Every structure is written in structure tokens, then in C-alpha cells.
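Peer 1: Need a 3D model of the sequence below.
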Amino acid sequence: MVFQPRTLDYELSPYTGLTRESWIEAGEYLLKGIFQNIKSFADPVVMPRKETKVTYPHSADAVWEFKAEYFEGLARSFFIAAPLIHNNPELEIEGYKLKEYYKSHVLRSCTKGDSVSVGHYDELCELAGKTDPFRAFQQTVETCALVICLWISKEEIWDSYTKEEQDIIADFLYGYANGNTVPQNWRLFNMLDLAFLDMMGYEIDHDIMREHAQAILNYYVGNGWYRDGHSFDYYSCWAFNVYAPIWNQWYGYEHEPYLAKRFEENSNELMKSYSEFFDRDGFTNMWGRSNIYRNAATSAFDGNMMLRSSIADPGLARRISSGSLLQFMNRDDFLFKGIPTLGFYGQFTPLVQGYSCAESPFWLGKAFLCLHLPADHPFWTAKENNGVWEQMEEKDITVTTLDGPALCYSNHQANGETILRTGKVLKQKKDTHGMWNYSKLCFNTKYPWESQVSEAVEAQQYVLHDLTFEYYDKANVTFWAGEREKVLYRRQFFGFELETERHWIQAMNLADFVVPYGVIRVDKPRLHRKPVAFTLGSYGFPDNGTEIITKELLYEGGIAKAMILKGKDHNGNEKQLAMTIYDGWESLSYIKSKETNPDSENSIVVYASMECKNHNHYEPSILISQVITKESHEDFTEEELFPIQSITYTDVQGYGGYGPITVQLKDGNERVIDFEGIEGRLML
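Peer 2: The predicted structure is shown next:
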């Protein structure tokens, strides 16, 4: 059953109607789904598991994985429960008094020998063996959730423990606070464990704290974003920019003022552009790993409001947070037996990763931490506003380009969508899953990424077909060259590997720019051998009964072709997509697929195709295409479908092998694409 808020106020919240009370109702709705699966008070938070091949526990012999699952269920559901317990200590869900349940299970999880003990650090090291003295455990992640929730519900739970019981929990935390961790966002887990212990009067090693904190600061790349491993993703938002502000409040402002000041500055930098990362409805883009965490990305707004000098706009922050909440809770496929699916909307195994279990999606409970803000906080009392969307005219576009994290996102007033284009992507050449998460040419808030539909066709990706050795390749590395004169430049390599000189790796130089309903691409293959063929897919389109229309138009360079799809998504909303091809492309077709689209069981991908035929011959070098979308069935105009007036090349043959390419648009705009110099600007 879809969540139906009982409390709505469209004067305070003209966009969503949601208030603080609505959020409490949403939290209770999710907790009801959890506790209807718990048969007795003594049972841990272990939920029904629909997917069993990818997620853990992977083996009946992996005792530490079962313990980790217990802890994920407890700690992550506590994200939702803790602020509700603080708001109403007497709250009952499905016959369980929440305060008593979590008080009991937190203590039991930390107690050696208990049937639901999640394992002390030294116990897990013993269970895992001595082969890797630097091994880290999933429990470290959950200790951080635990201490945050104990802080939020301090009066109701932590303060109600005896000193002996508090010492049991503290002893458990010490092991993970001082133990091995993963050298990326995980360092923050150790930092908050240590900060909590210090705040509660326990002795800690300040050098361990300082070592982790300086490392975290040095992952910073600018514009509020941190590098997490090779990649940039929402961990900058739901980890770095939530945990660091909490650490400031608990420890940093008092003990490490320099570091605290920098973390505060970084969070405020994120706030300057983060609202534009979401679309006009507040939707979160499906991008990067851990997409089962859904709207947890909005927790960065709450994180900023924990700072002494917060700059977040409270009315805008609540509008986005509520919009993203409804993005998921308004769907009838969001829950499986009352629990968020291992997917983005419904169950969607292609995005699931092996470090997740059935309880992992409760990381989305991080979005509910905003309920720790009192009812009179501006986050709850300010009138909703929609930021930049209220300032744009009908077909305006706002483009934000961040060189540090290699992110370019555009807000399109014409269809209300936000399109994300990324760079600095490095994945192993067989990491198909990683390419879906990071290497798509565009990520769209209303068209979540589609997994592989065939060996030869991928949505929003080039696929290279080597016609000599008969293999297919996809781009696993994306270099960033930044924006120049409203054109974004990148380069993708197909089957990139360090042991091979880059001149011996097939590549595609990318140049793209925005139009009111989407993106136009003017790309150039960078090849060392031919013949090869290329395909380029549109976004995946939900196929719940789709009308397919084709159109052609004569232009100076030949015949432009367009294919239009009209249909509806899972929720019955009207959808429309069109792909247009110009120079370089030979044909335009479509392929139907099943179980590769997060929104609907059936889907369609429109795709373009062509061949580069003659080895070492100067041939046409430019591939021009457009993908546009609309959230209605109102026909695209001819100018929208075929927006290009003329294409002017520098070389005499008009192949685009060298020199600037001028694209004159029918709306009077002009874009000049020049790949010369891109080599010196590539960043990874």
C-alpha cells in the first residue's frame, strides 16, 4: 500500500504539503513495515530477503556476516526510530514499545555471548582468521549509526542505562573506534565513535582521532565534494557532509577548531549548488553506487543545519527532502513485505551490490534525522520554496559545472528534469555494474539508468564493435576536460587498462551541450584501427504500451532522422522521448528489453548505429545526435525534434577531422565545438 500522509498543509508547504507531522507519519509507516516482520520482542531486526544471489549473508558458514546483518537491521532502522522515540517516548508500533525494544537490543548487540550479539572487534578478527591483519568489518559502519541514534535519543535511552550497561556499550565501541577501517568515508565512522565516547566522559586516543580527521579533510576536491575511492557519488553527501558536521558539534569545534572550520566551510560550499542537483519535483538522480539508499542524499541539508554557521535555505531544503521522500513512498512497488526493496523503485537486481543485505536500504533512514530538529526550527517553519526553478522562464536552463568532482548538472524548466553529466570515472574493464553507475553519458532524474539490453546496445552509452576480432567494448574510463563556451568536453576509453599505452586504446572524444528538453552530442571517435561499428542508446524508456513514431527532415548535410516514443511509466505518468541523428550516423532503430529498467518490467531503448570502415583512411569523423524528453504527450515541435539549422566544418571535405565545428541552431544560438587542446586538459 502506498504511503498516504494524514497531515497536509499546502500553505506552509505549497509544493508537497508535507510538514514535520507528515514526516513522523512516514517514519511510523516504515517502522510498521519493519515490526510486522518481527515475531517477538527478543527477535532482532532481520527482514524478508527477496534477492539471495548478490547480497549477503553469502554463506551459512560466514558467522560474521549474520552478525553484520543483525547490526545493519538494528542500527539503520534506529535512524528512523531514534528521532521518533525522542519526539514521543511512549510510541508503540505493532504492539512494541520502541524505546524499550531499542534499549534492549542495543545493549544485547554489544554484550558478548548474547544470542543477538553482533560481535566485538576482537571476536570478529578471531572468526575471520589472521590472514589479513588490516581487515575491516561491516560492523564499523553500523557503530556510527548507533552512536548518532544514541545521541538523538540520549534522554530516553542512553541516560536510562546503568553505569555498568553504559560501560558494556562503551567497551564494544572502543574496539571499532580504534580498529581497522577502510581508508575513505569509513574513517568518519571511527571519528564519531571516538567523539561519542569522549562526549560521554570516556578516555580516547586523540592521535587516532586526528589522523582520521586530517585524512578526511585531504579527500576534499572543492565545491563541497570529497573523493571517495576513485569515484564521486552520494557518499560525499550522506557521509562526508553529514558525519563531519556531527563531528564538529560533538568534538571538532572544541578540540580541533581548524579542522572543524574547514569541514564547516566545505559543507557550506556544497549548499551553494546542491539544491540544483535535484529536479523540479525534488527527485534524486539514480547515480553512483548504493542506490538502494534512495533519498538518504537529502540528509546533507540536515547535516549543514547542525553547523554553527549554516547557509542552507530551510524552505528549499525541506521542499527537496519532502519531494525526494515522495519520489519513493508514492510508489506501490517500493516495499517488499513492508520493507524497502533492494532496488531504486521496485526490486532491481542489476544495481544491487555484494556488501548489502536485506536491511541495508534502511540507510535511507538518514533522511529522517531531520526530525531531530525541533518543531520550531526554520527547517519546519519556513515556507517551501523551489529555489532556481522559481526563477527560470519556460524554456530556461541552469547549468552548474564543478571541475573538482567532475560534475555538470543542468536544470531544464521545459520538462522539470535535471540531467547529470560526469567525469573522472575509472572502472575495471569488466566492471559492467560500475559502468552503469558511473559511466553513462547522462543520468536523468526522470529516466533512471537502464542495465544492459543487449551485447551491442546500452542506454546512454556508446558500444564499440570491433569488426576484425569480433568483440564488443564499453567505456570504463571517462576523463574530464571541463566546460568551454557552454560545451562540456570529456573523453571515454573503451577497455582501458594501465598496461596498454593510451594511443593503442580506442576512445571517443565527447562534446555535448544542453537544449531546453535535453542534450545535443557532437562526438568524435579517436581510433587507432578500423573497421569498427558504434551504437549509441537513448535513455531506457518504460514500456507499458508505447507508440513509436519516426520522422525525417532534409538538412544541408543530408537527412536527419528522429524516433519518438510516447507511453507511460509504472505510475501511469505520461512520458515522451525522442532521439534525433544527424551527421555520422547511418541508422536509427530501437530494441525492446525485459527486467533491465528500474521503473518498469518492460522497456525500450532507441539507438543509433554506424560503421567506421577503412583503416588509416580519412573518413567522416563526427557523430551528431540529440535525446530530448517530455513529461507529457504534447507533440514536440519540428524545431525541437530537428533543432540544427546548419553544421559548418573547417576541413575542406567536411568530415570534421580537424578544426572547429560550428553548429547553428534554429533558435538563434550557436555552439562551436573544438577538440584541439583537449589532450592538455584531461583530468581523472
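
Peer 1: Name whatever forms a beta bridge with the spatially closest residue to residue 483 that is not a sequence neighbour.
Peer 2: In this structure, residue 483 finds its nearest non-sequential neighbour in residue 401, 4.5 Å apart by Cβ to Cβ, 6 or more residues apart in numbering. From N, CA and C alone the C-beta is placed, and that goes for glycine too. The partner list for residue 401 in beta bridges (DSSP bridges) reads residue 408.

Peer 1: these two touch, right, residue 401 and residue 410?
Peer 2: No - the criterion here is Cβ atoms under 8 Å, and residue 401 misses it with residue 410 at 9.2 Å.

Peer 1: These two: which is more packed in?
Peer 2: residue 410 (22 against 17; other Cβ atoms under 10 Å).

Peer 1: List the residues that contact that one.
Peer 2: With contact set as Cβ atoms under 8 Å, 6 or more residues apart in numbering, residue 410 has these partners: 397-400, 418-419, 421, 514, 519.

Peer 1: tell me the phi and psi of it?
Peer 2: phi -120, psi 130 (degrees, to the nearest 10).

Peer 1: Make CSV out of the contacts of residue 410 and add pLDDT, secondary structure and neighbour count.
Peer 2: Formatted as CSV, these follow (pLDDT from 0 to 100; DSSP: H, G, I helix; E, B strand; the rest coil; neighbours: other Cβ atoms under 10 Å):
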residue, pLDDT, secondary structure, neighbour count
397, 98, strand, 17
398, 98, strand, 18
399, 98, strand, 17
400, 98, strand, 19
418, 98, strand, 25
419, 99, strand, 28
421, 98, strand, 24
514, 98, strand, 21
519, 99, strand, 22
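
Peer 1: What is the nearest of those to residue 99?
Peer 2: Each of the contacts of residue 410 was checked against residue 99 using Cβ to Cβ; the closest is residue 418, at 40.0 Å.

Peer 1: roughly how far apart are the closest one and residue 394?
Peer 2: Residue 418 sits 17 Å away from residue 394 when distances are taken as Cβ to Cβ, to the nearest Å.

Peer 1: what about the longest strand in the protein?
Peer 2: Across the chain, the longest stretch assigned as strand under DSSP state E is strand 471-484.

Peer 1: I'd like to check the angle between that one and strand 397-402, please.
Peer 2: 100 degrees (axes from the mean of the first three to the mean of the last three Cα atoms, to 10 degrees).

Peer 1: Would you mind listing the buried residues in strand 471-484?
Peer 2: Buried residues in strand 471-484, counted by 16 or more other Cβ atoms under 10 Å: 472-483.

Peer 1: From the contact counts, what lies against it?
Peer 2: The contact analysis (3 or more Cβ pairs under 8 Å, 6 or more residues apart in numbering; DSSP states H and E) places strand 471-484 against strand 397-402, strand 425-426, helix 432-438, strand 462-466, strand 487-494.

Peer 1: Any chance of those in a markdown table with distance to residue 137 as columns?
Peer 2: Formatted as a markdown table, the helices and strands packed on strand 471-484 follow (distance: least, Cβ to Cβ, whole Å):
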| stretch | distance to residue 137 |
| --- | --- |
| strand 397-402 | 34 |
| strand 425-426 | 26 |
| helix 432-438 | 23 |
| strand 462-466 | 39 |
| strand 487-494 | 35 |
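
Peer 1: Can you report how many residues lie near residue 183?
Peer 2: Neighbour number of residue 183 under other Cβ under 10 Å is 13.

Peer 1: for residue 668, same thing?
Peer 2: The number of residues packed near residue 668 is 7, by other Cβ under 10 Å.

Peer 1: now swap in the one 3 residues further on and tell me
Peer 2: For residue 671, the tally of surrounding residues (other Cβ under 10 Å) stands at 19.

Peer 1: if I pick residue 555, what's in contact with it?
Peer 2: Contact partners of residue 555, counting by Cβ under 8 Å, 6+ apart, are 582, 642, 644-646.

Peer 1: beta partners for it?
Peer 2: With DSSP bridges as the rule, residue 555 is bridged to residue 558.

Peer 1: Three-state assignment for the residue nearest the centre of the chain, please.
Peer 2: Nearest to the geometric centre of the chain sits residue 287, at 3.8 Å (Cα atoms, centre = their mean). Following DSSP: H, G, I helix; E, B strand; the rest coil, the label given to residue 287 is coil.

Peer 1: Check the gap between it and residue 293 for me.
Peer 2: 12 Å.

Peer 1: Now residue 178: phi and psi?
Peer 2: Residue 178 adopts backbone torsions of phi -100, psi -10, taken as degrees, to the nearest 10.

Peer 1: Need the nearest residue in space to it, chain neighbours excluded.
Peer 2: Spatial nearest neighbour of residue 178, chain neighbours left out: residue 208 (6.0 Å); criterion: Cβ to Cβ, 6+ apart.

Peer 1: Doesn't that neighbour belong to a helix?
Peer 2: Yes - secondary structure of residue 208 (three-state DSSP): part of a helix.

Peer 1: Residue 100 belongs to a strand, doesn't it?
Peer 2: No - going by three-state DSSP, the assignment for residue 100 is helix, not a strand.

Peer 1: Count residues in the vicinity of it, would you?
Peer 2: Neighbours around residue 100, by other Cβ under 10 Å: 15.

Peer 1: For the chain, which element, helix or strand, carries the lowest mean pLDDT?
Peer 2: Lowest by mean pLDDT, DSSP states H and E among the helices and strands of the chain is helix 121-128, with a mean of 90.

Peer 1: Run through who's touching that one.
Peer 2: 63-64, 67, 112, 119, 135, 137, 139, 175-176, 179.
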